[in-house]
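> below is the sequence, then the predicted model.
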Amino acid sequence: MFKSRIFLGLLLLSAAYIACKKNDPFNSEAQLAIDTAKIREFLDTSGITATKDPSGLFYLMVVEGEDTAATPSLEDSIRVAYTGRILGDTTAFETVTESAPRSYLLSQRIEGWRTGLSMTKEGGQIRLFIPSSLAYRDFVQSGIPANTILDFTIDLLKVVKKK
């Protein structure tokens with residue numbers, strides 16, 4: 001009888017563990033539909049006219065770069081100044097100024113940046129409304145909650161072409 005209780009206890013403990021285990025796969029398409037509706041609502045209420053890229057990224061080219069200026073490809077390095085916000089928040093979670101810009105390899109940035117900046121010329125400024133599927137998806141990242149839509153304004157200061 002004692003063995004039966006131990007077996008039953010282990011069985012219940014195993015069932016509880018399996019029931020609590022998060023195995024829900026991230027549904028990118030469903031989340032993109034939710035994010036798209038939220039972005040459209042934000043743009044409408046804010047009076048912002050943005051373009052939607054086939055990937056689901058919304059963008060507004062604030063300042064066009066020079067016609068002859070370089071456009072980065074994934075293997076290039078970029079020097080940028082930017083402000084990052086959660087969509088609808090007035091407080092930035094990160095600000096990088098032109099006086100202290102940051103350099104990155106474009107391929108190592110989130111997909112929303114890779115897509116948006118590949119359309120931007122050196123000297124240009126772009127505002128990106130990035131659905132979570134093109135950002136951090138269903139992961140928490142540096143205090144940014146899972147499934148969060150990001151709003152970045154990025155100045156592309158310099159493109160360093162890969163040699």
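That came through fine.
> residue 66 against residue 122, yeah?
Yes: counting by C-beta atoms under 8 Å, residue 66 touches residue 122, with 7.2 Å between them. C-beta here means a position set from N, CA and C on the backbone, and glycine is covered the same way.
> so the two - more neighbours on which side?
A count of neighbours by other C-beta atoms under 10 Å puts residue 122 above the other of residue 66 and residue 122, at 18 against 10.
> which pLDDT value goes with the more buried one?
pLDDT recorded at residue 122 is 97.
> cool, residue 140 as well?
Looking at residue 140, its pLDDT is 91.
> and the closest residue to it other than its chain neighbours, how many neighbours?
Spatial nearest neighbour of residue 140, chain neighbours left out: residue 146 (5.5 Å); criterion: C-beta to C-beta, 6 or more residues apart in numbering. Residue 146 has 13 neighbours, counted by other C-beta under 10 Å.
> repeat for the one 5 residues further on
When counting by other C-beta under 10 Å, one arrives at 19 neighbours for residue 151.
> phi, psi of it?
Backbone torsions for residue 151, taken as degrees, to the nearest 10, come to phi -130, psi 110.
> also residue 122?
phi -50, psi 130.
> what residues are up against it?
Applying C-beta atoms under 8 Å, 6 or more residues apart in numbering to residue 122 gives the contacts 65, 66, 69, 70, 71, 156, 157, 158, 159.
> ok, and the closest non-adjacent residue to it?
That would be residue 69: by C-beta to C-beta, 6+ apart, it lies 4.0 Å from residue 122.
> count the neighbours of the one you found for me.
Residue 69 has 15 nearby residues by other C-beta under 10 Å.
> same question, residue 117
So residue 117, with other C-beta under 10 Å, has 27 neighbours.
> thought it was touching residue 127?
No: Residue 117 is beyond contact range of residue 127, at 11.9 Å (criterion: C-beta under 8 Å).
> need the overlap of contacts for the two.
Shared contacts of residue 117 and residue 127 (C-beta under 8 Å, 6+ apart): residue 154.
> residue nearest the centroid of the chain?
Nearest residue to the geometric centre of the chain (C-alpha atoms, centre = their mean): residue 135, 2.3 Å.
> and that one, what does it touch?
110, 111, 112, 148, 149, 150.
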